Each structure stands twice: as structure tokens, then as C-alpha cells.
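Enquirer: need coordinates for the following:
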Amino acid sequence: MNELRVTDPFALEPMEDLFRGMLRPWRSELARQAPQIKLDVHEDDKAYTVKAEVPGVRKEDIDVRIDGNQVTISAEVKKETEQKQGSRVLRSERQYGWASRSFTLAGDVDDAKSVAKYENGILELTLPKKGQASAKKVQVS
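Expert: The predicted structure follows:
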């Protein structure tokens with residue numbers, strides 16, 4: 001696995017930083033991160049269509065906010081696993097996190113007509129474009 005590393009020229013202990021970076025692959029297995037939201041954005045003349053992968057999340061835990069041409073998708077991730085042997089619980093793990101993704105579109109979105117559907121881990125947003133404001137010439141008298 002290749003990993004891009006940036007060396008801190010102002011580090012007090014450069015050798016310690018080097019050794020800490022070498023141990024990073026083993027430490028990453030211990031602490032799991034919240035899933036990243038992956039996006040596909042398509043545009044036509046009338047609307048933007050966004051498909052976002054948000055697996056393992058209930059639709060009640062998804063928050064979509066639109067502010068002009070800025071769109072933010074956030075989701076609370078909850079995972080609980082339990083390993084049993086008979087009636088004894090051998091291991092029980094709980095993982096909670098928050099995933100968020102913001103992006104800017106080329107034009108403003110008509111948030112009153114926007115539609116969001118969530119099915120099988122895929123959030124689909126239909127974001128109609130706002131009509132262009134017509135310029136009006138004012139006669140100077």
C-alpha cells in the first residue's frame with residue numbers, strides 16, 4: 001500500500017515522526033473511521049442529479065442542506081456488532097460516527113422543488129436549477 005507522507009520540517013523530533021509514520025498501517029486497523037460519502041453528479045439543462053453512497057445508514061439519520069449552489073450531505077453512522085457463543089456474549093462492539101460531504105454546483109438550486117430519495121444505501125437527489133433572473137433596463141430621465 002502506497003501512502004503519501006508529508007514531512008514536517010518544524011518537527012522537534014524528526015526521527016520520532018519517521019518511526020511513528022512507519023507504524024501507521026497497523027494503527028489504522030485499530031481505529032476505524034466513519035465511511036466517506038462518495039458522489040456522482042450529473043447535469044442537464046433543467047437539473048442536477050446527485051447519487052451519493054451512504055451505506056448502512058437509516059434515512060432518518062441523513063441530513064441534506066441546500067444554500068444557493070452549496071449542497072451539504074451529512075449522515076450519522078451507527079454500527080453495532082455482537083458475537084455470541086450460545087447464550088454467552090464473547091464480544092460486543094459499537095461504532096458511532098458522523099460523515100459529511102459538501103460541494104458547490106455551477107448554478108443556484110431551486111430548493112423548494114428539490115427531491116431526495118434513499119434506497120439500498122444510495123441517496124439520490126434531484127436538484128432543479130433556478131431560473132435565470134432577467135435583467136431589466138431602467139430608462140434614465
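
Enquirer: buried residues, stretch 50-63. List them.
Expert: Residues 50, 52, 54, 57, 62 are the ones in stretch 50-63 that count as buried (16 or more other Cβ atoms under 10 Å). (C-beta placed from N, C-alpha, C; glycine too.)

Enquirer: name the element the second one belongs to?
Expert: Put plainly, it is residue 52. Secondary structure from DSSP states H and E places residue 52 in strand 47-53.

Enquirer: which secondary structure elements does that strand contact?
Expert: strand 38-43, strand 122-128 (3 or more Cβ pairs under 8 Å, 6 or more residues apart in numbering; DSSP states H and E).

Enquirer: so which of these is nearest residue 70?
Expert: Taking Cβ to Cβ, strand 122-128 is the member of the helices and strands packed on strand 47-53 nearest to residue 70, at 11.4 Å.

Enquirer: returning to what we had before: most tightly surrounded among the helices and strands packed on strand 47-53?
Expert: strand 122-128 (a mean of 18; mean count of other Cβ atoms under 10 Å).

Enquirer: next, the angle from that one to strand 38-43.
Expert: 30 degrees (axes from the mean of the first three to the mean of the last three Cα atoms, to 10 degrees).

Enquirer: can you list contacts of strand 122-128?
Expert: For strand 122-128, the surrounding residues in contact (Cβ atoms under 8 Å, 6 or more residues apart in numbering) are 46-54, 62, 64, 66, 71, 73, 105, 109-110, 113-118.

Enquirer: what of stretch 96-115?
Expert: 33-37, 39, 41, 43, 48, 52, 54, 66, 68-79, 125-131.

Enquirer: only the buried residues of that stretch, if you could.
Expert: 99, 101, 105, 108-109, 114.

Enquirer: let me have these in CSV, extended by pLDDT.
Expert: Converted to CSV, the buried residues of stretch 96-115 look like this (pLDDT from 0 to 100):
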residue, pLDDT
99, 88
101, 93
105, 93
108, 91
109, 93
114, 94
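
Enquirer: return the subset of those lying in strands.
Expert: 99, 101 (DSSP state E).

Enquirer: and the furthest pair within the buried residues of stretch 96-115?
Expert: So, the buried residues of stretch 96-115 by Cβ to Cβ: farthest apart are 99 and 108, at 25.5 Å.
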